[in-house]
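*Asks:* Need coordinates for the following:
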Amino acid sequence: MILFGRKDKVLKTHELSEEVCEHCGKKGGVVSIFQIYYHIGLIPFIPLSRRTASQCYSCRKVKLEKNFSPEQKEAAKLLKKEVKTPIWTLIGASLLLIYIFFNLVIKFS
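*Replies:* Residues are numbered from 1 along each chain as shown. Predicted coordinates:
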């Protein structure tokens, strides 16, 4: 049985304590960057993309980056500068390349 699929992993968050929610009108929220990757057998294989989202602490309403307020856009911009695609998301692809390389070396030796 092979387990495969797509997963999201939170890379970094930034708290916005003074941000007012458009939905409930209360203060407080967070902006987060997620790494989305494809896995096979629960081993990260290929990084697909990074997404940015915000969430209100009170009502738990989630907003995607295209609907951000100016303060949320600024926080997302700073987070994007700090966060890179993690190398661990390429573990599976690296193992596959090593396997193929050694099979080719053995075959042509």
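
*Asks:* which residues in the chain form helices?
*Replies:* 70-82, 91-107 (DSSP state H).

*Asks:* Buried deepest among those, which one?
*Replies:* Stretch with highest mean neighbour count among the helices of the chain: helix 70-82 (a mean of 14; mean count of other C-beta atoms under 10 Å). In short, each C-beta sits where N, CA and C put it, glycine included.

*Asks:* Okay, now stretch 63-73: how far is its last residue from its first?
*Replies:* In stretch 63-73, first residue to last residue: 11 Å (C-alpha to C-alpha, to the nearest Å).

*Asks:* before we move on, the earlier item: out of the helices of the chain, the one nearest residue 9 is which?
*Replies:* helix 91-107 (13.0 Å; C-beta to C-beta).

*Asks:* Distance from the closest one to the middle of the chain?
*Replies:* In this view, helix 91-107 has its centroid 27 Å away from the chain centroid, taken as C-alpha atoms, centre = their mean, to the nearest Å.

*Asks:* report the angle between the axes of the strand ranked longest in the chain and helix 70-82?
*Replies:* In the chain, assigned by DSSP state E, the strand with the most residues is strand 4-20. Counting by axes from the mean of the first three to the mean of the last three C-alpha atoms, to 10 degrees, strand 4-20 lies at 130 degrees to helix 70-82.

*Asks:* okay, stretch 16-35 in PDB with CA atoms only?
*Replies:* Taking Å, rounded to 0.1, in the frame of the first residue of the first chain, the C-alpha atoms of stretch 16-35 are listed here in PDB:
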ATOM      1  CA  LEU A  16      -1.000  41.200  13.900                       C
ATOM      2  CA  SER A  17      -2.500  42.200  17.300                       C
ATOM      3  CA  GLU A  18      -3.900  45.600  16.100                       C
ATOM      4  CA  GLU A  19      -5.500  44.300  12.900                       C
ATOM      5  CA  VAL A  20      -9.300  44.600  12.900                       C
ATOM      6  CA  CYS A  21     -11.200  41.800  11.300                       C
ATOM      7  CA  GLU A  22     -13.500  42.800   8.400                       C
ATOM      8  CA  HIS A  23     -15.900  40.000   9.300                       C
ATOM      9  CA  CYS A  24     -16.400  40.200  13.100                       C
ATOM     10  CA  GLY A  25     -14.800  43.600  13.900                       C
ATOM     11  CA  LYS A  26     -12.500  42.400  16.600                       C
ATOM     12  CA  LYS A  27      -8.800  42.900  16.900                       C
ATOM     13  CA  GLY A  28      -6.100  40.200  16.600                       C
ATOM     14  CA  GLY A  29      -5.000  37.800  13.900                       C
ATOM     15  CA  VAL A  30      -2.100  36.100  12.300                       C
ATOM     16  CA  VAL A  31      -0.500  36.000   8.800                       C
ATOM     17  CA  SER A  32       1.100  32.600   7.900                       C
ATOM     18  CA  ILE A  33       3.200  31.200   5.000                       C
ATOM     19  CA  PHE A  34       2.500  27.500   4.100                       C
ATOM     20  CA  GLN A  35       4.700  25.200   2.100                       C
END
